[in-house]
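Provide a 3D model corresponding to the input given below.
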Amino acid sequence: MTQDDAPRLAFIGFGEAAEAFATGWGAEAARRVRAYDLKSEDPALAELPRARAARCGVLLSPDRASALKGAQAVFCLVTADRAVEAAAQSAAYLAPGAFWLDGNSCSPGAKRKAAEIVEGVGARYVDVAIMAPVHPRLHLTPLLIAGPHVNSARLPLSGLGMQAEIAGPAVGDASSIKMIRSVMVKGMEALTAECLLAARRAGVEEQVLASLKASNPAIEWSRQAAYNLERMLVHGRRRAAEMREVAVTLAELGLPNGLASATTDWQQRIGELDLPPGRDELLHRADMILDALARGGPLSPSS
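Take a look at the predicted model:
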């Protein structure tokens, strides 16, 4: 990325993942990056993407056209429910042959719709799944990529030092893995909340934790539960958006999606409490959540 012929890069959506990638690439690479974030058009929200861009040296553009002008590789990292819309709004500004690296957590069906839009203007769509939290590994966070252009896309990704593994030849192969995995990962977080918040409110948390430990001694239940609640407190809204796409994925497969939908509900409700993560202790976080619920939040996902 220090050579004069390094590819010109762009971001559509400049949130946590985009900032992490750009930070990991380093200041020299960041000078070749332009970004557009819809929040920058809202005075109440604009400061967040501006601050993110300033921290890593990326130029935040006022509109999609200027961000995408001449870009050879574009990372699309918006919210899960906006992935197809972002492709539609950006397609007219994509250079022929440019890579559209769709890293959004959305269903395979949504990715295929976005791919049709992007391919329709002569750009190259790549299904990207981000398979771990972007902190602390930044641009080294493991990725899965899929679609007909994956072999060509590996070159610019490798040049950025990114860890991309090919998941398959079809758009949707990478996102299917991520979506179906999230049934378990985000579902376990929701189970943690429902089980241990109930146990704490009933005053039987020690007995429940002891029983869980006896059944599964390899798991450090208090530590894992504290981590799961932290994920929901910090990222609940975003995880809820992803789980809605997981529910769509299951429906696309002809399967019931009740657990994914219930997981969405818990993630959304805890995320909407707008609480800090607090101390890295299960009971501290459980009490904080229960107190917030008692002050007027929903008492249960079914309420």
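
start to end distance for stretch 38-47?
For stretch 38-47, the first-to-last residue distance is 12 Å (CA to CA, to the nearest Å).

what's the first helix or strand after the helix-or-strand element of the chain with minimal mean pLDDT?
Sorted by mean pLDDT, DSSP states H and E, the helices and strands of the chain end with helix 27-30, the least confident at a mean of 91. Per DSSP states H and E, helix 27-30 leads on to strand 33-36 as the next helix or strand towards the C-terminus.

check which helices and strands the next helix or strand after that following strand is in contact with.
Next in sequence after strand 33-36, counting helices and strands by DSSP H and E, comes helix 47-56. For helix 47-56, the helices and strands in contact under the criterion 3 or more CB pairs under 8 Å, 6 or more residues apart in numbering; DSSP states H and E are helix 16-25, strand 59-60. For every residue, glycine as well, the C-beta is placed using N, CA and C.

contacts made by stretch 261-269 with the rest, please.
183, 186-187, 189-190, 193-194, 232, 236-237, 239-240, 243-244, 246-247, 297-298, 301 (CB atoms under 8 Å, 6 or more residues apart in numbering).

how about a cut-off of 10 Å?
Contacting residues not belonging to stretch 261-269 are listed as 182-194, 197, 231-232, 235-247, 250, 257, 289, 293, 297-303 [CB atoms under 10 Å, 6 or more residues apart in numbering].

quick one: mean pLDDT over it.
Computed over stretch 261-269, the mean pLDDT rounds to 98.

now stretch 173-183
Along stretch 173-183, the predicted confidence averages to a pLDDT of 98.

distance from it to the middle of the chain?
12 Å (CA atoms, centre = their mean, to the nearest Å).

flag every buried residue along it.
Residues 173-180, 182-183 are the ones in stretch 173-183 that count as buried (16 or more other CB atoms under 10 Å).

again with stretch 127-142
Within stretch 127-142, the residues that qualify as buried by neighbour count (16+ other CB under 10 Å) are 127-131, 134, 138-139, 141.

from the chain's centroid, how far away is it?
With CA atoms, centre = their mean as the basis, the distance from the averaged C-alpha position of stretch 127-142 to the chain average is 9 Å.

quick check: end-to-end length of it?
Stretch 127-142 has an end-to-end distance of 14 Å (CA to CA).

any idea of the mean pLDDT for it?
What stretch 127-142 shows for mean pLDDT is 97.

ditto for stretch 90-100
Mean pLDDT, stretch 90-100: 98.

quick one: the strands in the stretch 101-250 of the chain, in order.
124-130, 143-146, 164-168 (DSSP state E, counting those that start in this stretch).

pull out the buried positions in the strand or helix carrying residue 269.
Element membership of residue 269 [criterion: DSSP H and E] is helix 258-271. Counting neighbours by 16+ other CB under 10 Å, one finds that the buried residues in helix 258-271 are 259-260, 262-271.

now do the buried residues in stretch 46-61.
Within stretch 46-61, the residues scored as buried using 16+ other CB under 10 Å are 49, 52-53, 56-58, 60-61.
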